[in-house]
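Enquirer: Sequence below, structure please.
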Amino acid sequence: MSKKLFEINQDLDRASLAKQFAENKRLQIRDVLTRETAEEIRMILGQQTPWGLAMQAGDKLDPGPQQVLPQELASDAGKRRAQTLANEAYKSVSQGDYGFHYAQYSLVQAYLEKWNEGGPHDLILEYLNTPEFLQLARDVTGIEELIKADGQATLYAAQHFLALHSDSHVAEGWRVAYVLNFALDDWKPDWGGYLNFYDEDGDIVQGFKPRFNALNLFAVPQSHAVSFVPPFAPVGRFAITGWLRDR
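Expert: Model prediction:
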């Protein structure tokens, strides 16, 4: 693992990016990191991450989001629980309610609970909170109050999705959502996993391909979803996601 795991591309035109963000309060920044460091993070996600699952059925706080940790998936009981939760999420969305289902490794939880203290996932979370990355976010969004980032590693594989929602509760100081993409280089539209934004009539007004080494930033709340990944899509829609916060 290189000493510079999270090296920002110094050729970014931050003034131009800020103008783009100001138009709709969202944008995708291509080639946000150097190619070398982006490839290393993709390797960590693809080869060194013990994936669990994150799921939710409905938009109520109780029971709210559910986790199945990696060690649980090693048991038959854990696998059965995961399938039950997935079925509940599918049913919820089929009835027009909210839900999600995707693979997850919580960077914050791993850091606090010392799952692999000092390992690459801890370093990624630390880099997300460096002055350099936070200043990039401030420069592009114009929100000077951004002071920290949370984060989770995510993998959208076959039958994974994130249903339409807006993050309207804006909990715990959420100001800007981010998606740092490490998908396969030549990700195809038919493979799903797009971050789509919707108007009040339910039409898609903009969509971002899960493009390798691209950073999506969008102010919350905004109506958005991650489109369903079909069974024939290859594994490879990796990302680091979370919120940039003012407290």
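
Enquirer: From now on I want contacts and neighbour counts done on CA atoms only, so please keep to that.
Expert: OK.

Enquirer: need the helices for the protein, in chain order.
Expert: Counting by DSSP state H, residue ranges of the helices within the chain are 14-24, 35-47, 76-94, 107-113, 120-128, 131-141.

Enquirer: Name the nearest residue to residue 64, ignoring sequence neighbours.
Expert: Excluding the flanking residues, the one nearest residue 64 by CA to CA, 6 or more residues apart in numbering is residue 56, at 6.2 Å.

Enquirer: ok, that neighbour - how many residues close by?
Expert: 25 (other CA atoms under 10 Å).

Enquirer: Residue 205 touches residue 222, doesn't it?
Expert: No: between residue 205 and residue 222 there is no contact under CA atoms under 8 Å: 11.5 Å.

Enquirer: Name the residues contacting each of those two.
Expert: Shared contacts of residue 205 and residue 222 (CA atoms under 8 Å, 6 or more residues apart in numbering): residue 197.

Enquirer: the more surrounded of those two?
Expert: Taking neighbours as other CA under 10 Å, residue 205 and residue 222 compare with residue 222 leading, 19 against 10.

Enquirer: Identify the residue spatially nearest to that one, adjacent ones excluded.
Expert: residue 166 (4.8 Å).

Enquirer: If you tally nearby residues, what's the number for the one you found?
Expert: 15.

Enquirer: ok, residue 240 - contacts?
Expert: 151-154, 179-181.

Enquirer: which residue sits closest to it, ignoring its sequence neighbours?
Expert: Nearest to residue 240 is residue 153, by CA to CA, 6+ apart, at 4.5 Å.

Enquirer: what's the burial count for the one you found?
Expert: Neighbour count of residue 153, defined by other CA under 10 Å: 23.

Enquirer: Any idea what it is bridged to?
Expert: residue 105, residue 240 (DSSP bridges).

Enquirer: which residues touch it?
Expert: By CA under 8 Å, 6+ apart, the neighbours of residue 153 are 45, 104-107, 238-241.

Enquirer: per-residue confidence for it?
Expert: In this model, residue 153 is scored at 98, pLDDT.

Enquirer: any idea how far it lies from residue 28?
Expert: 18 Å (CA to CA, to the nearest Å).

Enquirer: Same question for residue 136.
Expert: 13 Å.

Enquirer: Okay, now the unreliable bits of this structure?
Expert: Residues of the chain that meet the criterion pLDDT under 70 lie in 1-3, 61-62, 168-171.
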